[in-house]
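Visitor: here is the input, now give the coordinates:
(2 chains)
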Amino acid sequence: MTRSFLAKNPSVLAFLAILALFTLVVTVLAEGSGSGVISTSFVKTLGKTLCLCLIALAMDLVWGYAGVLSLGHFAFFALGGYMIGMWLMYARTEDIVIQSLSGSELPPTAEEIAAGIGNQIFGVVGGSEIPAIWHFAGSLPAQLALVVLVPGLLAALFGWLAFRSRVTGVYLSILTQAMTLALALYLFQNDSGLRGNNGLSGLQNIPGLGQVSQSVLSIWFFWASAAALGMAYLLAAWIVSGKFGSALRAIRDDEARVRFLGYSVESYKLFIFTLTAVIAAIAGALYYPQAGIINPAELAPIASIYLAVWVAIGGRGRLYGAVIGAAFVSLLSSWFTGGRAPDIPLGFYTIKWVDWWSIALGLSFVLVTLFAPKGIGGLFDLVQGRLAPARGGADLGPDDGSLQEREALK
Amino acid sequence: MHRIFVIVLAACLMVLPGLARADLAAVIAENADSIAKPSRQTIAPVIAALAATEDPGIAGFLAAWADRGLGQRKADGAIFRIADQGTDYALANPVDGSPAGTAPKSDIAEIRPNSGVRGLIASALVAFQLDDPDPAQRAAALGAIARTPEADHLAPLRAALDDSDPALAAQKSRLERLLTLRFDPDSAARVAAIESFGTDLGLDLRGALNPLVTTRRVVSAAPPEGANIARELRLNREIAPDEAFALLVADGKAPAPLTIAEQRTALIDNIANGMVGGIPVHQLDTQAARDRAYTALEQAGAVPVAATSDEIAVTVAGFRYFDLYAEPDAAVTDAAEAALQAIAVTVGAMTAFDLGLDALSLASIFFLAAIGLALTFGVMRVINMAHGEFIMMGAYTGYCVQLLIPDYTISILVALPLAFAVTFAAGVAMERLVIRHLYKRPLETLLATFGISIALQQLAKNIFGTQARPLTAPGWLDGAWALNDVVSISYIRIAIFVMALVLLAVFLFIMKRTRLGLEVRAVTQNPSMAASMGINPDRINMMTFGLGSGIAGLAGVAIGLFAKVTSELGNDYIVQSFMTVVVGGVGNIWGTLAGAALIGGLQKGIEWLNPANTLAAQTWMILFIIIFIQFRPRGIIALKGRAAGD
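Guide: All right, here's what the predicted structure looks like:
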């Protein structure tokens, strides 16, 4: 009974150790620390991958454990990116404007600075006024708070509305997808105040750190992403290991039964939905400064579906599965679509991976769904010899209740 | 005189039969110098004299004159029609255009009447064209007048009101009234002309009425004498102080206000010893401090006095502001305002009707896209993310058929069944290979079909490229059915509406009247019971899924007719289709119909409120749907009892 949390969850320790080792190796080999085996852009790619692992972790919590297939988590990811991007862009533009105005005879007034910033940022969408939603953009602490608050409140509101009217299953998926689409369409408008389809750019330059080179910055962001992933993993493992986690899994397997047992199913779902939205937002806030640009295309509904694809390939219902899936598929995707994968000449036709990767991914995804519902994570079960019991019927998967599983055993 | 004699003689010799034609030539010759150097003041009698000859060649002559197609031979002053021919002019007889040799450019002076003269010529010309024996010429002349109506046209038009062609006569009469209401000197006649139109909605009428009621804004101390005042503007209510002051500035009644930039320049010019107006420069980082410094400079007389906001308020209050009609006649403007108001009411009603038609057409597009889903998702509860790609496959099938069959009518008739067959086969294959293994795992169906969706999309991109492919509608679907100037709907949209109705009928027939429909309903309600009744659920599921996919292919051909056929065609419709089914109520075709009507109507309604922004309309529509689902989670028409499943 008194065994420590880590002792009960050996995979957590293993995961953290691997993550720490990986971080150390990348740091030592990175361009920023002198050796230069790994280029700065690849360090950034790795850092971004860690952020994607983080959001995949969130997706696993909400889908793999609570059974809520949200197709909206990339919206929260992008919102987090927008919130930090507003500060990055505003503060940097402010520096530039003050610099350019400081040459004149009169010291600039606050109005002149604001007008200069407005022109710089909103000139591309034909405006010069700074919209009200940028009110806090000058302050880093305020925007950091908004990174958590805006997606968190949106998720809480949406979740409250959806769960209290008992929207479940595919309906909920479609509803979350609709929310993502609505948000994307809203951000695509030029008068949304977030520069329409231009998005926010120049985010890789951190205000106040102009003298720090990108190669060093990339390592810092890599560390931050790794730290965030490690902490989120700990938090997620702690959440799913206790009573709360049992209740979550019970909701996933048979929501009605848990409700009849007296649990407030809606509160559980709302909590996990909001928490994962916040984790997704933090992941986005770390991702976009490394990517350098964010625009509404980032939160197209398809991105959230890809997220589900990563988690499914990695293995739902186990935290490391989500991380492995996200890292594996996104790195493989960027390798294949980056034009570095060798073409396959067939004599009569040459397979160019840039053109055929999506097809291969789509089909392999179908195959994983059909034949390996446990995903890559299932391999660990094979290694440990932990196999599914020889059921009379097929594996019904986590969406079917225990009742049907017992029936299948007959 | 010798010269004229020679020309007249030549003309007589050339065209003996018509004596009248000689007259025109004579008039031209007589007035050759006036024709060559016309001025607006003096040319009218010449044009009248030319017109009085009633020669059949007069129209051609006047047209050439106005068109700079005439030249005067420098040697003898004779007038010719000229045409550019390299270094030479080809000369032609001015009366009948028969060739008269060539001459070097240096010998001929091109005649260039100014715009005033051209206007006079044109109105004289119109009179001839309006009486032209050729109806096409008359119609062209009417068109020319309608495009650029001028007061000069009124008289010839009135003289030519009788027309043998009743349609042209009606057109002439309408044009005459339109010109009367703008240009007639008699006020009563203009009012009568305005009132004669009654409830007419024509764009030409509105085009004629609107200039009558244009206003300009003036500022003055007292109401302007003799002007036709539309209204007086009360300060702060109809006119903002800023705007009022801008009017005063434009009128020279007040000095221009000091802009921030001017103030800045003035302050910089007056920096002395690091101080401006007694304030250190480094303190001038607020607007208030700059204002104080400027005031100090003003008092020192170093800069011109600029109006402060108090002074502006006082100045502005000292004047009155009016909107004046450009048209001086009050009776006419009143009648025009009343007529425009009546038109606006009718146009509003018509616009609402037109909006209704638009909404109906959008709803039928959504319905078309969703009707296949109503089967696969609504009846079978299989969520098929590749549904949009089936629509795309249908559209590309249509495109391929058009490549092979050039006749658009036949190709569409071939494409429809072929698209159905192709997508039916694809649907059956997908059901057999993938979906049947996942009936117990609905969420994973979503993901697996999504995998198929991205694969199909990329495949289409690899085969057809990324650019849009045309799917051309047959010629008889071109154009629009126009009820009047406001209400119109294109034939393609009518065709899509009809097709949606036909598919609805087919769907209902299959589901309610055929053995297959009966079995489909049995299998969806209770597969094991249906199986024990001798129905093969596997076969039924396969057929249902194929049918739903086939209908998506049909929809694809229809949608491809007006949308661009790209590999992302399906993406644009998939979310809306699912929402149509969910909002309408799963498992009920009438629900899908209601959902499509609701979503289509809503989107058009929101677009009408904010016409510039269709993105915003979609955003608000989705938000509305999310909230709608809160109150009716099972859709508009919810299944009740056991059929509801859960």
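
Visitor: so who does A:T369 touch?
Guide: A:312, B:438, B:444, B:447-448, B:451 (CB atoms under 8 Å, 6 or more residues apart in numbering or on different chains). Yep, even glycine has a C-beta here, placed from its N, CA and C like the rest.

Visitor: can I get the residues you listed in TSV with secondary structure and pLDDT?
Guide: Listed next are these as TSV, based on DSSP: H, G, I helix; E, B strand; the rest coil; pLDDT from 0 to 100:
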residue	secondary structure	pLDDT
A:A312	helix	87
B:L438	helix	85
B:E444	helix	81
B:L447	helix	83
B:A448	helix	88
B:G451	helix	89
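
Visitor: quick one: which of the residues you listed is nearest B:D242?
Guide: Looking at the contacts of A:T369 and their distance to B:D242, the nearest is B:L447, at 59.0 Å (CB to CB).

Visitor: hmm, the closest one is touching A:G362, no?
Guide: No. The criterion here is CB atoms under 8 Å, and B:L447 misses it with A:G362 at 10.6 Å.

Visitor: element containing B:A44?
Guide: Element membership for B:A44, per DSSP states H and E: helix B:43-52.

Visitor: actually, B:R521.
Guide: Element membership for B:R521, per DSSP H and E: helix B:515-525.

Visitor: quick one: is that helix near chain A?
Guide: No. Judged by CB under 8 Å from any CB of the partner chain, helix B:515-525 stays clear of chain A, getting no closer than 15.7 Å.

Visitor: and B:S39, that's in a helix?
Guide: No. Per DSSP: H, G, I helix; E, B strand; the rest coil, B:S39 lies outside any helix segment and is coil.

Visitor: just the pLDDT at it, thanks.
Guide: Confidence at B:S39, expressed as pLDDT, is 78.

Visitor: now do A:V167 against A:V26, distance only.
Guide: 42 Å (CB to CB, to the nearest Å).

Visitor: ok, how many other residues are close to B:D572?
Guide: Neighbourhood size, B:D572 [other CB atoms under 10 Å in any protein chain shown]: 17.

Visitor: which of the helices or strands spans it?
Guide: Applying DSSP H and E, one finds B:D572 within helix B:569-584.

Visitor: any idea how far the closest residue to chain B within the stretch 151-300 of chain A is from A:S192?
Guide: Using CB to the nearest CB, the closest approach of the stretch 151-300 of chain A to chain B is made by A:A182 at 3.8 Å. Distance, A:A182 to A:S192, using CB to CB: 12 Å.

Visitor: got the contact list for B:R320?
Guide: B:219-223, B:232.

Visitor: related to what we said a few turns ago, buried sites along the following helix or strand past the helix holding B:R521?
Guide: Past helix B:515-525, further along toward the C-terminus, the next helix or strand under DSSP H and E is helix B:527-532. Of the residues in helix B:527-532, B:527, B:530 count as buried by neighbour count, 16 or more other CB atoms under 10 Å in any protein chain shown.

Visitor: what packs against helix B:527-532?
Guide: Applying 3 or more CB pairs under 8 Å, 6 or more residues apart in numbering or on different chains; DSSP states H and E, one finds that helix B:527-532 contacts helix B:515-525, helix B:537-562.

Visitor: turn those helices into a markdown table, columns for mean pLDDT and distance to B:G86.
Guide: Shown next, in a markdown table, are the helices and strands packed on helix B:527-532 (pLDDT from 0 to 100; distance: least, CB to CB, whole Å):
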| stretch | mean pLDDT | distance to B:G86 |
| --- | --- | --- |
| helix B:515-525 | 87 | 79 |
| helix B:537-562 | 90 | 51 |
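
Visitor: please identify the most buried of the ones you listed.
Guide: helix B:537-562 (a mean of 25; mean count of other CB atoms under 10 Å in any protein chain shown).

Visitor: how far off centre is that helix?
Guide: 36 Å (CA atoms, centre = their mean, to the nearest Å).

Visitor: try stretch B:73-86
Guide: 46 Å.

Visitor: same thing with stretch B:323-343?
Guide: On CA atoms, centre = their mean, the centre of stretch B:323-343 falls 27 Å from the chain's centre.

Visitor: which parts of the chain are strands?
Guide: Chain wasn't specified; assuming chain A. Listed in chain order, the strands found in chain A under DSSP state E are A:200-201, A:293-294, A:344-345, A:350-351.

Visitor: let's do chain B instead
Guide: B:70-73, B:79-85, B:88-92, B:99-104, B:108-110, B:215-220, B:229-233, B:275-276, B:279-280, B:320-325, B:480-482, B:488-490.
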